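**Student:** Based on what follows, work out the 3D shape:
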Amino acid sequence: MSTESIIQGVVLLLYLVAMIMVGFVFYKKNTTSADYILGGRQMNVWVTSMSAQASDMSGWLLMGLPGLAYLLGSGATEAAWTAIGLAIGTYLNWLIVAKPLRKYTQIAGDSITIPDFLHNRFRMKSPVLKVFAALFILIFFTVYTSSMFAAGAKLFNYIFGLDYTPALILSVVVVTAYTFLGGFKAVSWTDLFQGLLMFFALVFVVFFMWKDLSGTGSITAAFSGISLAPNQDFTVMGIIGAIAWGLGYFGQPHILVRFMGIRSSKDIKPARRIAMVWVIISLAIAVIIGIIGNPFVAKLAANGQLPASLFDGGLLIDREKIFMVLVQHMFPTIIAGVLLAAVLAAIMSTADSQLLVASSSFSSDIYNTLIDKNASEKKILWVSRLAIVVVALIACLLALDPNSKVFEIVAHAWAGFGAAFGPIILCSLFWKRCNGKGALAGVISGGAVALLWAYVPAAIWGANMPAIFGLYEIVPGFIVSLACIFIVSLATEAPSKEIVEEFESVKTAEV
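**Tutor:** Model prediction:
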């Protein structure tokens, strides 16, 4: 291991120790499951906005998205349209969903999880809706978390030269440790810092890249071959799919719980403004880094500053390491270590949220509903902690393939959540005729269609798959789910007077 790697390793180690210490700080402050799962609804504006966006963007902001844009041509076009869809989805989620969800979850039985909210919202006598919703969260978040662990393994592999498996184990242990200890408060406060670190790292890197390449014609050349218009490699269907990433926001539990945990619904508006500044700048810079990173890396290679083993056909073999390659060869060792910590921050800020939401769904919505209905607060708290460890282990096993692509795994999990929960969250907040049976039909159909659309057509037709199945699975899943909610709700009994009155009360409530 080189001296540079050792110094950067020390910087990352100090960062990891700081994150774990935050977990210790909040360890004894979690006296109830509500504290551990939702922080007692006491998060301030900055913590809510930054933790929501940091947990949203994940490792793919510094790995998957720049890696896609690095390919230029259709790759950069897809990255740009995806960023546009995400920015629009983020804004609409904050504008439309955040405030009524914060109010409704408190009014509807002080719900602390999404499955709990759906169960209380529709006054379900049977736990079937809660359990199915919790199972979808467990399945999709386990897959989603595996992508974050894989991203962490790539980081440790690149810096320390560790083999993929021990690098993966290190990634799993670190994230699991402080999430296990501190719960929602630790996750949210660490995400505040990690979101800021990610933001300034992106700005810092793109500034020096642009400065170095300015006047060489490389920047103009990189952008000249990129167009937002559809082409034979990235069709209209691809553009629709990329923009459809924005649909996913309405159904992402790890983001929605941030809205639920804010101190007051009045704080949503200032939090939205902070979040949108962060999102627009971060997404734009991530795409630009990938685009101008292409000629910048070529320049480094031509000067003999990069080993030939990193390349194949003139391009990086693992394009998702583009940010890490740039950082290590642009800056002094210590600064590079701090900037690489931003990659770790991006990974940890999402993985911790996913672990927490998955574990809370098991402890609160499955264990306390089906296994031990009379479990004490302390017992549920420890079941949540143990569930974090179990989910982390399963996610680790799923991430054992070193060739897995972060962007692809995230895309599938994002679509699953968006299709299963997005339509019912919107309907539960804005359509008073919606009922529990429609909600159940929407959750099951949306999640099932997203899964089947992603894998079955490719297994049947292979390379000859009809073009329609190239559409991002969130689109058909969302449409089918919405249709099932409407059809089943209208075909079955209307909600009771009490449910309708509660629905109407949310509009004027101040909580």
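**Student:** Contact partners for residue 484?
**Tutor:** Listed by CB atoms under 8 Å, 6 or more residues apart in numbering, the contact partners of residue 484 are 438, 441-442, 445-446. Every residue, glycine included, has its C-beta placed from N, CA and C.
**Student:** Could you name the helices and strands sitting against the host helix or strand of residue 119?
**Tutor:** Element membership for residue 119 (DSSP states H and E) is helix 114-121. If contacts are counted by 3 or more CB pairs under 8 Å, 6 or more residues apart in numbering; DSSP states H and E, helix 114-121 sits against helix 99-107, helix 128-160, helix 253-261, helix 406-430, helix 436-461.
**Student:** now it: how far from the chain's centre is it?
**Tutor:** Counting by CA atoms, centre = their mean, to the nearest Å, helix 114-121 is centred 22 Å from the centre of its parent chain.
**Student:** Any idea which of the helices and strands packed on helix 114-121 gets closest to residue 336?
**Tutor:** Closest to residue 336 of these is helix 128-160 (CB to CB; 9.3 Å).
**Student:** Return the set of buried residues in the closest one.
**Tutor:** Buried residues in helix 128-160, defined by neighbour count with 16 or more other CB atoms under 10 Å: 129-160.
**Student:** ok, now stretch 362-381?
**Tutor:** Quick answer for stretch 362-381 (16+ other CB under 10 Å): 362-369, 375, 380-381.
**Student:** In the residues you listed, which has the lowest confidence score?
**Tutor:** Within these, residue 381 has the lowest pLDDT, namely 81.
**Student:** didn't residue 355 look like it was pressed against residue 389?
**Tutor:** No. Checked against CB atoms under 8 Å, the pair residue 355 and residue 389 is beyond contact range at 9.0 Å.
**Student:** Please identify which of those two sits among more neighbours.
**Tutor:** Ranked by neighbour count (other CB atoms under 10 Å), residue 355 and residue 389 place residue 355 first, with 28 against 15.
**Student:** Quick check: the more buried one vs residue 148, distance?
**Tutor:** Distance from residue 355 to residue 148, counting by CB to CB, to the nearest Å: 9 Å.
**Student:** Could you name every residue contacting both of those two?
**Tutor:** residue 175.
**Student:** In this structure, which helix is the longest?
**Tutor:** The single longest helix within the chain, with elements called by DSSP state H, is helix 164-213.
**Student:** before we move on, back to that, need the overlap of contacts for residue 355 and residue 389.
**Tutor:** Residues within reach of residue 355 and of residue 389 at once, by CB under 8 Å, 6+ apart, are residue 176.
**Student:** of the contacts of residue 484, closest to residue 339?
**Tutor:** The closest of the contacts of residue 484, once distances to residue 339 are taken by CB to CB, is residue 446, at 38.9 Å.
**Student:** need the contact list for that closest one.
**Tutor:** 419-424, 477-478, 480-481, 484.
**Student:** ok, and the closest non-adjacent residue to it?
**Tutor:** residue 481 (2.9 Å; CB to CB, 6 or more residues apart in numbering).
**Student:** most neighbours, which of the contacts of residue 446?
**Tutor:** Within these, most neighbours by other CB under 10 Å means residue 419, with 34 neighbours.
**Student:** State the distance from it to residue 482.
**Tutor:** For residue 419 relative to residue 482 (CB to CB), the value is 9 Å.
**Student:** Strands of the stretch 301-450 of the chain, residue ranges please.
**Tutor:** All strands of the stretch 301-450 of the chain, identified by DSSP state E, counting those that start in this stretch, fall at 311-312, 315-316.
**Student:** okay, the ones you listed, which one's buried deepest?
**Tutor:** The highest mean neighbour count among the strands of the stretch 301-450 of the chain belongs to strand 315-316 (a mean of 18), with neighbours defined as mean count of other CB atoms under 10 Å.
**Student:** strands paired with it, and their directions?
**Tutor:** With DSSP bridges as the test, strand 315-316 is paired with strand 311-312 (antiparallel).
**Student:** Contacts made by the partner strand with the rest, please.
**Tutor:** By CB under 8 Å, 6+ apart, the surrounding residues in contact with strand 311-312 are 301, 317.
**Student:** can you give me the mean pLDDT across that strand?
**Tutor:** Mean predicted lDDT for strand 311-312 stands at 80.
**Student:** now stretch 169-179
**Tutor:** 80.
**Student:** Using CSV, write out the CA atom coordinates for that stretch.
**Tutor:** Taking C-alpha atoms only, stretch 169-179 is exported to CSV below (Å, rounded to 0.1, in the frame of the first residue of the first chain):
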residue,chain,number,x,y,z
ILE,A,169,-17.4,-6.4,4.5
LEU,A,170,-15.7,-3.2,5.7
SER,A,171,-18.4,-1.1,3.9
VAL,A,172,-21.2,-3.2,5.6
VAL,A,173,-19.7,-3.0,9.1
VAL,A,174,-19.3,0.8,9.1
VAL,A,175,-22.8,1.7,7.9
THR,A,176,-24.5,-0.9,10.1
ALA,A,177,-22.7,0.2,13.2
TYR,A,178,-23.9,3.8,13.6
THR,A,179,-27.4,3.0,12.2
